[in-house]
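Participant: Fold the stuff below for me.
(one chain, ligands or ions: 2)
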Amino acid sequence: RGSPVVLGIESSCDETGAGLVRDGKLLGHAVASSMAEHARFGGVVPEIAARAHVHSMQSVVDKALAEAGLSFGDIGAVAVTSGPGLAGALQVGVAAAKGYAYALDVPLYGVHHLAGHVAADTLEHGPLPEPCMVLIVSGGHTSLLLVRDLVRDPIVHLGDTMDDAAGECFDKVARVFGLSYPGGPAIDRAAQSGDPKAVAFPRPLTAPRDREDRFAFSFSGLKTAAARWAEKHRAAGPELPVADGAASLQEAVADVLTRKAVAACREHDVRTLVVVGGVAANSRVRSLAQARCASAGIELRVPPLGLCTDNGAMIAAVGDLLVRSGAKPAPLDLAVDPSAPL
Ligand code: KG4
Ligand code: ZN
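Facilitator: Ligands and ions are numbered 1, 2, ... in the order given. The predicted model follows:
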């Protein structure tokens, strides 16, 4: 017997995800993305995202079930992202989850999107050592979180971005550099052949005078600096050294992120750093985090790439923890909370 198979559903942004988890084990998952439909607008269009979720929901659930070798009736609980995220997009996932829970007569759980990103790592590396420090870096978030007990204690926000998220900075600068959308992976690829020391981009909020903001982030100034650099180069000649610009920008972002994350671990005497969210896929963020954690005696955990970006498996992972901790299910009138606090 044991614990039930938990279906997790994610629809907070442009990815429709479904995942199946039981007892901390990932059984199967599938993701559909509407990224391509947003590309010509240079960012996610909420109405398009919501419609795409409606279109893809059932097929991603079916794919996840097929991958797990399970059928619909095997699902014993349903977990869904209830916030934060785009209101219309969240509505689609929550409505679907309610339908599944009602049809199957199984409990429903609302999950915080960021708790999902944190839990993603448990599917690959087992239970989280607690306390742990979590650096969440995506297109929508850049935060340092202190996790004492993922299912029982509220997560402690040590710092957030004061303006753009790190992924947003990559996406916007990539656009200025003439690279494809989404910009993060494009910057990462271009940076491979560039010199990270070519341009001395600023390291926002790292000066001693920023002591009070030591765990806060700011990326809009970096974005502006990159845009100015591109402008200056274009005025001087036809060739923009994109690889050097990308490598230098990536170095600045990775430097700030990892420096603050390691400092937060030290200050709170935490021995484990978990880096999650889409930007955790960045090669320089990974290598610099690895090097700095190693010299500080901190264990670094990064979920596999496919679980770093938005997916349903991470939501199922939280649902599974909630089920096993005996948490109270949500009512069938569970509301979405687009601007959910932690
Ligand atoms: O977690 P995610 O899929 O969605 C949310 O924003 O919640 O993260 C997407 C973000 C985008 O900004 C994308 O450009 C960035 O993650 N990203 C990367 C890389 N892969 C994805 N940024 C830098 N380097 C990458 N390799
Ligand atoms: Zn996310």
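
Participant: Would the strand or helix carrying S82 count as contacting ligand 2?
Facilitator: For S82, the enclosing helix or strand under DSSP states H and E is strand 75-83. No: Strand 75-83 lies apart from ligand 2 when judged by Cβ under 5 Å from the ion; the minimum separation is 9.0 Å. Every C-beta, even on glycine, is put in place using the N, C-alpha and C of the backbone.

Participant: Which secondary structure state does I9 sit in?
Facilitator: Under the three-state scheme (DSSP: H, G, I helix; E, B strand; the rest coil), the conformation of I9 reads as strand.

Participant: ok, the residue nearest the centre of the chain to P303 distance?
Facilitator: The C-alpha lying nearest the average C-alpha coordinate of the chain belongs to G277 (Cα atoms, centre = their mean; 2.4 Å). With the distance defined as Cβ to Cβ, to the nearest Å, G277 ends up 10 Å from P303.

Participant: Same question for M133.
Facilitator: 15 Å.

Participant: Repeat that for G178.
Facilitator: Between G178 and P303 the distance is 31 Å, computed by Cβ to Cβ.

Participant: what do you get for R189?
Facilitator: Distance, R189 to P303, by Cβ to Cβ: 21 Å.

Participant: got a list of what the residue in the stretch 201-342 of the chain that ligand 1 sits nearest to touches?
Facilitator: Closest approach of the stretch 201-342 of the chain to ligand 1 (Cβ to the nearest ligand atom) occurs at G278, with a separation of 2.0 Å. With Cβ atoms under 8 Å, 6 or more residues apart in numbering as the criterion, the residues that contact G278 are 137-139, 167, 184, 308-310.

Participant: Next, the contact list for the residue in the stretch 51-200 of the chain positioned nearest to ligand 2, please.
Facilitator: Among residues of the stretch 51-200 of the chain, the one nearest ligand 2 by Cβ to the ion turns out to be S138. It sits 4.5 Å away. With contacts taken as Cβ under 8 Å, 6+ apart, S138 has the following neighbours: 117, 165-167, 277-279, 309-310.

Participant: Could you list which of the residues you listed belong to helices?
Facilitator: Of the positions in the contacts of S138, 117, 166-167 sit in helices, assigned by DSSP state H.

Participant: Pick out the lowest-pLDDT one from those.
Facilitator: Ranked by pLDDT, those bottom out at H117, which has 90.

Participant: Name all residues that make contact with it.
Facilitator: Contacts of H117 were listed using Cβ under 8 Å, 6+ apart, and they are 134, 136, 138, 276-277, 314.

Participant: So it versus G221, what's the distance?
Facilitator: Separation of H117 from G221 (Cβ to Cβ) stands at 26 Å.

Participant: What parts of the stretch 201-342 of the chain come near ligand 1?
Facilitator: With Cβ under 6 Å from any ligand atom as the criterion, the stretch 201-342 of the chain comes near ligand 1 at residues 277-279, 281-282, 309-310.

Participant: sorry, back to before: which one of G178 and P303 has more residues nearby?
Facilitator: The neighbour comparison of G178 against P303 (other Cβ atoms under 10 Å) goes to P303, with 27 against 10.

Participant: Let me see the backbone angles for that one.
Facilitator: Backbone torsions of P303, given as degrees, to the nearest 10, read phi -60, psi 160.

Participant: That one against E124, yeah?
Facilitator: Yes: here P303 lies in contact with E124, judged by Cβ atoms under 8 Å, at a distance of 5.5 Å.

Participant: what about the strands in the chain?
Facilitator: Assigned by DSSP state E, the strands in the chain fall at 5-10, 15-22, 25-33, 75-83, 108-112, 132-137, 142-147, 156-160, 272-276, 299-301.

Participant: Mind putting those strands into JSON lines with mean neighbour count and mean pLDDT?
Facilitator: Formatted as JSON lines, the entries for the strands of the chain read as follows, by neighbours: other Cβ atoms under 10 Å; pLDDT from 0 to 100:
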{"stretch": "strand 5-10", "mean neighbour count": "29", "mean pLDDT": "98"}
{"stretch": "strand 15-22", "mean neighbour count": "29", "mean pLDDT": "97"}
{"stretch": "strand 25-33", "mean neighbour count": "20", "mean pLDDT": "97"}
{"stretch": "strand 75-83", "mean neighbour count": "26", "mean pLDDT": "97"}
{"stretch": "strand 108-112", "mean neighbour count": "23", "mean pLDDT": "96"}
{"stretch": "strand 132-137", "mean neighbour count": "26", "mean pLDDT": "95"}
{"stretch": "strand 142-147", "mean neighbour count": "24", "mean pLDDT": "95"}
{"stretch": "strand 156-160", "mean neighbour count": "16", "mean pLDDT": "93"}
{"stretch": "strand 272-276", "mean neighbour count": "25", "mean pLDDT": "96"}
{"stretch": "strand 299-301", "mean neighbour count": "18", "mean pLDDT": "97"}
